[in-house]
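> predicted model follows, preceded by the sequence.
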Amino acid sequence: MSRIINWLGVAAGITTLLVVAVSFFVPWWHLTVGDDILQVNASPFNTNFGLFGAAFTVPLILALNLISILTLLASGAVMLLYSFIPTKSYAKDLLGFSYRKPLYALIFFVLGLIVTVSIAGVFGLNIPLMGTSNSSLPSSLLMGASVSAPVSTSFLLPFWLAIVGVVLCFAARLYHGRAFAQNPVSASVQPAKDLPPPQI
């Protein structure tokens, strides 16, 4: 009997775990102000800052990163488990637990960036979500002095890989709905029924 596998779920689970692993080394979003004046490496799993070459982290953000790591690791692992048993009675519960979480991580990350950039704009700092600009610090904060510096931001590979993971997760959910949810028993190989004895 051949095993029934949701291959889209396998791809989604592997991609989710890969996003977490890669994000330890490459951020989702990178900001540079001036010549190494300020750097921000941001992702839901590893966010750190650099000021004049000195790196540091914020304890609250570090705690949120840890929660995101554990949540997405669980999501990817459960998605993989589901993918190899999609016809079990509890498979849909496993899928329901796992397929939305990468989307939530992506949405909260993008919203966090938008809010941060908007708050910076209130203080006169022009920070684009993606691209380059010239940002001037408010003179009121510098005792009348005017200071400007180039600002460069970009979304890096793990961010785009996260989008691919979200698409695969929802594709796995849609495929489950079409192939298994309506009649899961029919998706597996059925044993042959006993035939009546031959008539003599």
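In hand now; what should we look at?
> longest strand of this structure?
Criterion DSSP state E: the longest strand present in the chain is strand 147-155.
> check which residues of the helix or strand of the chain with the lowest mean pLDDT are buried.
Counting by mean pLDDT, DSSP states H and E, the weakest-scoring helix or strand in the chain turns out to be strand 131-137, with a mean of 79. Neighbour counts over strand 131-137 (16 or more other Cβ atoms under 10 Å) mark Ser135 as buried. C-betas here are computed from N, CA, C, even on glycine.
> residues in contact with the longest strand of the chain?
With contacts defined as Cβ atoms under 8 Å, 6 or more residues apart in numbering, strand 147-155 is touched by 28-34, 37, 125-137.
> residues of the helix or strand following it that come out buried?
Downstream of strand 147-155, the first helix or strand assigned by DSSP states H and E is helix 157-176. Residues 158-159, 161-162, 164-173, 175-176 are the ones in helix 157-176 that count as buried (16+ other Cβ under 10 Å).
> from Ala162, how far out is the closest residue to Leu157 other than its chain neighbours?
Spatial nearest neighbour of Leu157, chain neighbours left out: Val26 (6.0 Å); criterion: Cβ to Cβ, 6 or more residues apart in numbering. Plainly put, Val26 is 12 Å away from Ala162 if you go by Cβ to Cβ, to the nearest Å.
> can you map out the strands along the protein?
Using DSSP E, the strands of the chain run over residues 29-33, 38-42, 48-51, 54-56, 131-137, 147-155.
> the first one - which strands sit beside it in the sheet, and in what orientation?
This means strand 29-33. Looking at strand 29-33 with DSSP bridges, its partner strands are strand 38-42 (antiparallel), strand 147-155 (antiparallel).
> got the CA coordinates for the last one in PDB?
Backbone C-alpha positions of strand 147-155 (Å, rounded to 0.1, in the frame of the first residue of the first chain) are rendered in PDB as follows:
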ATOM      1  CA  VAL A 147      22.900  67.100  10.300                       C
ATOM      2  CA  SER A 148      21.900  64.900   7.400                       C
ATOM      3  CA  ALA A 149      23.000  61.400   6.400                       C
ATOM      4  CA  PRO A 150      22.200  58.900   3.700                       C
ATOM      5  CA  VAL A 151      19.800  56.200   4.700                       C
ATOM      6  CA  SER A 152      19.600  52.800   2.900                       C
ATOM      7  CA  THR A 153      17.200  50.000   3.600                       C
ATOM      8  CA  SER A 154      16.500  46.700   1.900                       C
ATOM      9  CA  PHE A 155      14.500  43.400   2.300                       C
END
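> tell me the contacts of the residue nearest to Ile163 when sequence neighbours are not counted?
Residue nearest to Ile163 in three dimensions, not counting chain neighbours: Leu106, with 6.8 Å by Cβ to Cβ, 6+ apart. Applying Cβ under 8 Å, 6+ apart to Leu106 gives the contacts Ala162, Ile163, Val166.
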